[in-house]
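K.L.:
coordinates only, sequence not included:
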C-alpha cells in the first residue's frame, strides 16, 4: 500500500482527495494536515510514502513545508498541487525538493497515477503545466553558473540521458529512444544523480533547464 498524507487548508479538497484515493486498492490516506506546519509534524509522525502538498496555506505555506520535510528526510516524496495557472511557487518548490506537481482538477485516475509515479521515485511534471514551467526557466535568462560548470562531470551519453529525463521521458521511453536496455538507462540516471548531487529525476530536470541543456521548444 502507498501511504499518503493530504495537505490543504480547504476541508472539501482534503475530503474529496481522500475519498478518491482511498477507493484505490493500492493507496491509503493515512492522515490530513490543514497547513504546512501541521504537515511537517504529521510527516515526522506518520512517515507517509507521498505527501500531496497545496502551496497557498496559512501559518506555513507549501514551499516552506516542502523545504523542511525534505531537509529532515532526503527520501521524502512531495507532490505539489496547483491550479491551472502555474503557481508562482511551483518552480521554487521543485528546487526545494518536491518530486513534481499535479493540477488540482486532475481526474481520480490521474491523481492516483500521479501518486504511484512519485512513490516509485519517478518525476511527475503535468504536461499542461510544463509549458508554463519552461517559460519560467526562459525568463531566468542566462544559465546558472554552478549548473553550467557541473555539466563537465557528465559523459556524452549521460548528458544525452539527462536531456531526455528533462523532456519527461520514462526509463522505458529513453531506452527505446537510445536503443539500449532499460537497466542501462537506470544505471545512467543513478550516475547522473550521484555526479550532480541531486536527489531525484525532478531535480535532474530542473538542473537541465537551469544549465540550458533543454530550452523552450527544445
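P.N.:
Everything's here; your move. This is a predicted model, so every value here is computed, not measured.

K.L.:
chain center to stretch 106-126, what's the gap?
P.N.:
Stretch 106-126 sits 9 Å away from the centroid of its parent chain (CA atoms, centre = their mean, to the nearest Å).

K.L.:
contacting residues around it?
P.N.:
2, 4, 17, 20-21, 23-24, 26-27, 49-50, 52, 77, 79, 99-103, 133, 165, 168, 170, 200-202, 204-205 (CB atoms under 8 Å, 6 or more residues apart in numbering). Quick note: C-beta positions are derived from backbone N, CA and C, even for glycine.

K.L.:
6 Å instead?
P.N.:
Stretch 106-126 has contacts (CB atoms under 6 Å, 6 or more residues apart in numbering) with 2, 20, 24, 27, 49-50, 77, 79, 99-100, 102-103, 168, 201-202, 205.

K.L.:
just stretch 42-49 next, same as before
P.N.:
Contacts of stretch 42-49 (CB under 6 Å, 6+ apart): 2-5, 30-31, 33, 69, 119.

K.L.:
Can you report phi and psi for residue 19?
P.N.:
phi -60, psi -50 (degrees, to the nearest 10).

K.L.:
and it, how many neighbours does it have?
P.N.:
By other CB atoms under 10 Å, the residues close to residue 19 number 11.

K.L.:
low-confidence ranges in the chain?
P.N.:
Residues of the chain meeting the criterion pLDDT under 70: 84-90, 123, 125-149, 215-218.

K.L.:
what ranges do the helices span in it?
P.N.:
11-22, 36-46, 62-72, 90-96, 108-119, 127-139, 145-150, 156-166, 171-178, 182-196, 201-210 (DSSP state H).
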